[in-house]
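Q: I would like to see how this sequence folds:
(one chain, ligands or ions: 1)
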Amino acid sequence: MKDLHKWHVIDNGWNAPGYHFLIQLSGLIEKGRNVDFNGAHAKHGGWNKNTIGIAMAGGLGLSNRPEPIYTPEQWQSLDWLLAQLRAQYKNIDIFGHRDTGADKACPSFDVRHYVKTGKVRL
Ligand SMILES: [Zn+2]
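A: Okay, the predicted model is just below:
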């Protein structure tokens, strides 16, 4: 989050980090932007509005190729966080940045498939 603060707030001049949550390799969940405010995580298609942005550190393999490489602690924290958000906001749709129509590979796995089956696939 310190890096994000530098990139987003200091370098970009934004008023807060672009994501609402960041899951560290250790599994630590850091809060970024307050969820009451629009994120700056998925501009293409207007998805910054009415969405909550969760970033996970990692997700890259050799030569920075997108691969779902995350620690067990991160998966555990992701599951926990999604359960919290589902309890708080009923009927939410959970999907990846790459599912918004943006030309992005992140988060290097099929989020809808993961949410449905608990299984990770590219
Ligand atoms: Zn992304």
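
Q: elements contacting the helix ranked longest in the chain?
A: Ranked by residue count, the top helix of the chain under DSSP state H comes out as helix 72-88. With contacts taken as 3 or more Cβ pairs under 8 Å, 6 or more residues apart in numbering; DSSP states H and E, helix 72-88 sits against strand 21-23, strand 29-31, strand 54-56. C-betas here are computed from N, CA, C, even on glycine.

Q: Compare the ones you listed and give me the one nearest residue 107.
A: Proximity to residue 107, assessed across the helices and strands packed on helix 72-88 by Cβ to Cβ, is greatest for strand 54-56 (5.9 Å).

Q: returning to that earlier point: buried residues in the helix or strand following the longest helix of the chain?
A: Remark: after helix 72-88, the chain's next helix or strand is helix 111-117, criterion DSSP states H and E. Neighbour counts over helix 111-117 (16 or more other Cβ atoms under 10 Å) mark 111, 114, 115 as buried.

Q: State the mean pLDDT of helix 111-117.
A: For helix 111-117, mean pLDDT rounds to 97.

Q: would CSV of the helices and strands packed on helix 72-88 with distance to residue 73 and mean neighbour count be doable?
A: As requested, the helices and strands packed on helix 72-88 are exported to CSV (distance: least, Cβ to Cβ, whole Å; neighbours: other Cβ atoms under 10 Å):
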stretch, distance to residue 73, mean neighbour count
strand 21-23, 9, 23
strand 29-31, 10, 14
strand 54-56, 11, 22
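
Q: I'd like to know which of those lies nearest to the ion.
A: Between the ion and the helices and strands packed on helix 72-88, the tightest spacing by Cβ to the ion is seen for strand 54-56, at 7.4 Å.
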